[in-house]
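Trainee: Next come a sequence and a model predicted from it.
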Amino acid sequence: MIVVIEGGDQAGKKTQTELLSKALKKRKIKTKTFSFPDYSTPVGKEISQYLNGKRKFPPQTIHCLLAANRWEKLNQILEAQTRNSVLIMNRYYQSNLIYGLANGMKQNWLENLDTGLPKADLVILLDVSQKESFHRKKTKRDKFEKNEKFLRKISKIYRDIGKKKGWKIIDASQSKEEVHQAVLKIFSKKIGI
């Protein structure tokens, strides 16, 4: 089973990924986590350079790189699926779709970039306001994180697409423990425990 934790910048994706992983391992459910972008790979290093303003790419190129970053981890994802009951993704192909739409790309083109990757079984969207996002991280924000107008657009697209695609939406402005309990409730309902 692949569970994806999605959301805009500073929504708590990393925190909730870690909390869910710990909770599942405590219940003896074999679990592996992945985070995207993965900046440790060759393509991930290019993405990092772009996000930190050291590289310039047209929007199509950066979205191809973001997809390529997932493809370069495909063998590890497939192997992890054979060894674990649950894979938790801190962002996956859904974020490329949302950010791509915000950058004016076509939905069909964006979705085709990831055709063939293992599909998500459950997508949990951590919904946070831009005011809260900026409150959580005031400095050292990357190229996408600095533009408040762009981030408002991202939040709206996340909510709209999330509703259309049946993603589970959680108000992430609550405490991390309240959000974690909401994540666990959704996960438990999905697998019937």
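Mentor: Sure, I can see it.

Trainee: This protein: strands as residue ranges?
Mentor: All strands of the chain, identified by DSSP state E, fall at 2-7, 31-35, 86-90, 122-127, 168-171.

Trainee: P118: neighbouring residues, count only.
Mentor: Using other CB atoms under 10 Å, P118 has 17 other residues around it. In this view, the C-beta of every residue, glycine as well, is placed from N, C-alpha and C.

Trainee: If you could redo that for K13, that was the one I meant.
Mentor: Using other CB under 10 Å, K13 has 24 neighbouring residues.

Trainee: Distance check, it against K28.
Mentor: According to CB to CB, to the nearest Å, K13 and K28 sit 25 Å apart.

Trainee: again, but for K185
Mentor: 20 Å.

Trainee: just P37 next, same as before
Mentor: 31 Å.

Trainee: Neighbour count for these two, which is higher?
Mentor: Counting neighbours by other CB under 10 Å for P37 and for K28 shows that P37 has the greater number, 21 against 8.

Trainee: Surely that one touches E46?
Mentor: No. Using CB atoms under 8 Å, P37 is not in contact with E46; the gap is 9.6 Å.

Trainee: In this structure, where is pLDDT below threshold?
Mentor: Flagging of the chain using pLDDT under 70 yields the residue ranges 129-147, 193.

Trainee: so where's the longest helix in it?
Mentor: Scanning the chain for the helix with the most residues, using DSSP state H, yields helix 148-165.

Trainee: Could you list the buried residues of that helix?
Mentor: Judged by neighbour count using 16 or more other CB atoms under 10 Å, the buried positions of helix 148-165 are F150, L151, R152, K153, I154, S155, I157, Y158, I161, G162.

Trainee: what angle separates it from strand 2-7?
Mentor: Computed by axes from the mean of the first three to the mean of the last three CA atoms, to 10 degrees, the angle separating helix 148-165 from strand 2-7 equals 140 degrees.

Trainee: Now helix 148-165 - C-alpha only, CSV.
Mentor: What follows is helix 148-165, C-alpha atoms only, in CSV (Å, rounded to 0.1, in the frame of the first residue of the first chain):
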residue,chain,number,x,y,z
GLU,A,148,3.0,34.3,-1.4
LYS,A,149,0.7,34.8,-4.4
PHE,A,150,1.9,31.6,-6.0
LEU,A,151,1.5,29.7,-2.7
ARG,A,152,-2.1,30.9,-2.4
LYS,A,153,-2.7,29.6,-5.9
ILE,A,154,-1.0,26.3,-4.9
SER,A,155,-3.3,25.9,-1.9
LYS,A,156,-6.4,26.5,-4.0
ILE,A,157,-5.4,24.0,-6.7
TYR,A,158,-4.5,21.4,-4.0
ARG,A,159,-8.0,21.8,-2.5
ASP,A,160,-9.8,21.7,-5.9
ILE,A,161,-7.9,18.8,-7.3
GLY,A,162,-7.9,17.0,-4.0
LYS,A,163,-11.7,17.1,-3.8
LYS,A,164,-12.0,16.0,-7.5
LYS,A,165,-9.6,13.1,-7.0
